[in-house]
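Peer 1: need a structure here:
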Amino acid sequence: MVWLTGEALQARLDALIPKVFWSSVPLRTVVRSLSTNQRIAILMDRRVDPEQPVDLSLSDVAVRALLERIAEPRGLGWTQIGSVVYFGPAETAAILRTLSALRHDDVAKLPPAAAAVFRRSEPLAWEDFATPRELFGRLAQAAGRTIAGLDRVPHDLWAAADLPALPWVDRLTLLAVQFDLTFRIGDDGRSVELTPLPETIALVRRYPGGRDPQRLAQQWAELAPESQVKVVGNDVWVRGLLEDHERLASTPGSKTRIPPKRPATPRGAASKRQEIRFTVQNAKGPLDRILAELGQKLGMEVKIDREALARAGISPHQTVAFSVQDATVEALFEAALRPAGCTFRREGNVIVVVPASP
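Peer 2: Have a look, this model is predicted:
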């Protein structure tokens, strides 16, 4: 299988599937079918029961939203590492990209020759009944290193998998996290040891505070309440998940060109507002939170028809991801809502969110 990667993969995740119907179909069959038909490499965590039945009937649903609809009722989640979609326990999916970023930070501190080894991208594949220790051994051989701590990995037999090229550090992360493990690379880059996941997994980043660091920090603390935000000098330091960092980096004062909340626009000035264009890069988060943020920044009221969404089987808490370039207000909301299978109607300064297919 030639898997989709890069922009082609993102476009496919945003694409609509005209009709989905599964009746008591095993989860493994559903995931494999979706993976093959959409040419998306999906890795299902070893801890997921592959035989649990899936009953689902949907029309015109985005692939992203479909993954969420399959995962959420089962306490599962999904995320992306490179060109691989990880599908597993929700708590693991929530921290996986942050965990990967932390290990990449570790690699960046190594001597250049050692760092190159851990950044080298290669495909990862195995046949049915492969054992995890065997796969760890293959990775060790590919890097010319030994991996200590394999006694932490119990015996298991895995179903076959075929994944596109990933950096060595991400290949090891995807294997280790299924045992609640990560790894530590020696300072010289010559040793690797499997270690238990820490209780807290978070990235620490420093950002320029601009003209008013305190105001920026207060705004960011509201946008990412689960992250720790503080001002040090003229900088704002954030400790949180990668997704929070990405969301904050796309707010006013950084990359996103969404203006701050403004006073109500006089009727005669409405046409000027419609000429404003917005750019959002790699926004990702719970749908209801993203809509609240957009409403706040645009000075608009967003109403979610939660009863209609519930009847359509759509969760307002599902994770959505989108990007827009020079978009109108309407195109901005359309991009945010499409992955969730939603649309909207505009009533003056009010956006009413409803299912795309009643």
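Peer 1: from here on, just use CA atoms for contacts and neighbour counts.
Peer 2: Fine.
Peer 1: and this protein, what are its domains?
Peer 2: Following automatic domain parsing, one gets these domains for the chain: 1-201, 202-249, 256-358.
Peer 1: what segments of the stretch 151-300 of the chain are helices?
Peer 2: Ranges of helices in the stretch 151-300 of the chain, per DSSP state H, counting those that start in this stretch, are 168-176, 213-223, 242-249, 270-274, 287-298.
Peer 1: comparing the domains of the chain by mean pLDDT, which bottoms out?
Peer 2: For the domains of the chain, mean pLDDT drops lowest on domain 256-358, to a mean of 74.
Peer 1: distance from the chain centre to it, please.
Peer 2: With CA atoms, centre = their mean, to the nearest Å as the basis, domain 256-358 stands 19 Å off its chain's centre.
Peer 1: do the same with stretch 135-142
Peer 2: Using CA atoms, centre = their mean, the mean C-alpha position of stretch 135-142 is found 27 Å from that of the whole chain.
Peer 1: ok, now stretch 6-20?
Peer 2: Centroid displacement of stretch 6-20 relative to its chain, using CA atoms, centre = their mean, is 15 Å.
Peer 1: any buried residues in that stretch, and which?
Peer 2: By 16 or more other CA atoms under 10 Å, the buried positions in stretch 6-20 come out as 9-10, 12-17.
Peer 1: possible to save these as CSV with distance to Arg120?
Peer 2: As requested, the buried residues of stretch 6-20 are exported to CSV (distance: CA to CA, whole Å):
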residue, distance to Arg120
Leu9, 21
Gln10, 23
Arg12, 26
Leu13, 26
Asp14, 29
Ala15, 31
Leu16, 34
Ile17, 35
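Peer 1: just the ones in helices from those residues, please.
Peer 2: Members of these lying in helices (criterion: DSSP state H): 9-10, 12-14.
Peer 1: before we move on, back to that, let me know the closest of the buried residues of stretch 6-20 to Ala202.
Peer 2: Gln10 (25.3 Å; CA to CA).
Peer 1: the closest one and Ala62: what is the separation?
Peer 2: Per CA to CA, to the nearest Å, Gln10 is found 11 Å from Ala62.
Peer 1: ok, now Pro213?
Peer 2: 39 Å.
Peer 1: what of Thr195?
Peer 2: 37 Å.
Peer 1: between the two, point out the one with more neighbours.
Peer 2: Neighbour tally, Thr195 and Ala62, criterion other CA atoms under 10 Å: the higher count belongs to Ala62, 21 against 16.
Peer 1: ok, the more buried one touching Ala15?
Peer 2: Yes: using CA atoms under 8 Å, Ala62 is in contact with Ala15, at 5.3 Å.
Peer 1: neighbouring strands for the helix or strand harbouring Val353, and are they parallel or not?
Peer 2: Per DSSP states H and E: Val353 is located in strand 350-355. In the sheet, strand 350-355 lines up against strand 301-304 (parallel), strand 342-347 (antiparallel) (DSSP bridges).
Peer 1: what lies in contact with the shortest one?
Peer 2: With contact meaning CA atoms under 8 Å, 6 or more residues apart in numbering, strand 301-304 is reached by 291-292, 295, 349-354.
Peer 1: likewise for stretch 235-247?
Peer 2: With contact meaning CA under 8 Å, 6+ apart, stretch 235-247 is reached by 95, 97-98, 101, 201-210, 213, 216-217, 224, 226-231, 282-285.
Peer 1: in strands only, show me those.
Peer 2: Counted as lying in strands by DSSP state E, out of the contacts of stretch 235-247, are 203-208, 228-231, 282-285.
Peer 1: return a ChimeraX selection command for the buried portion of the residues you listed.
Peer 2: For the buried members of these, the matching ChimeraX selection, counting by 16+ other CA under 10 Å, is:
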select :203,208,229,230,231,283,284,285
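Peer 1: need the ones in strands among the contacts of stretch 235-247 in CSV (columns: distance to Leu67).
Peer 2: Shown next, in CSV, are the ones in strands among the contacts of stretch 235-247 (distance: CA to CA, whole Å):
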residue, distance to Leu67
Leu203, 26
Val204, 30
Arg205, 30
Arg206, 33
Tyr207, 33
Pro208, 36
Gln228, 30
Val229, 32
Lys230, 35
Val231, 38
Asn282, 18
Ala283, 18
Lys284, 15
Gly285, 15
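Peer 1: between the ones in strands among the contacts of stretch 235-247, which sits nearest Glu122?
Peer 2: The closest of those to Glu122 turns out to be Asn282 (CA to CA; 25.3 Å).
Peer 1: ok, the closest one - contacts?
Peer 2: 246, 250, 321-323 are the contacts of Asn282 under CA under 8 Å, 6+ apart.
Peer 1: and Ser24, by the same measure?
Peer 2: Listed by CA under 8 Å, 6+ apart, the contact set of Ser24 reads 53-55.
Peer 1: would TSV of the helices of the stretch 151-300 of the chain with distance to Asp188 and mean neighbour count be doable?
Peer 2: Shown next, in TSV, are those (distance: least, CA to CA, whole Å; neighbours: other CA atoms under 10 Å):
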stretch	distance to Asp188	mean neighbour count
helix 168-176	15	21
helix 213-223	37	17
helix 242-249	26	20
helix 270-274	56	11
helix 287-298	42	18
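Peer 1: how about a markdown table for the ones you listed, with distance to His317 added?
Peer 2: Shown next, in a markdown table, are the helices of the stretch 151-300 of the chain (distance: least, CA to CA, whole Å):
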| stretch | distance to His317 |
| --- | --- |
| helix 168-176 | 26 |
| helix 213-223 | 15 |
| helix 242-249 | 15 |
| helix 270-274 | 29 |
| helix 287-298 | 6 |
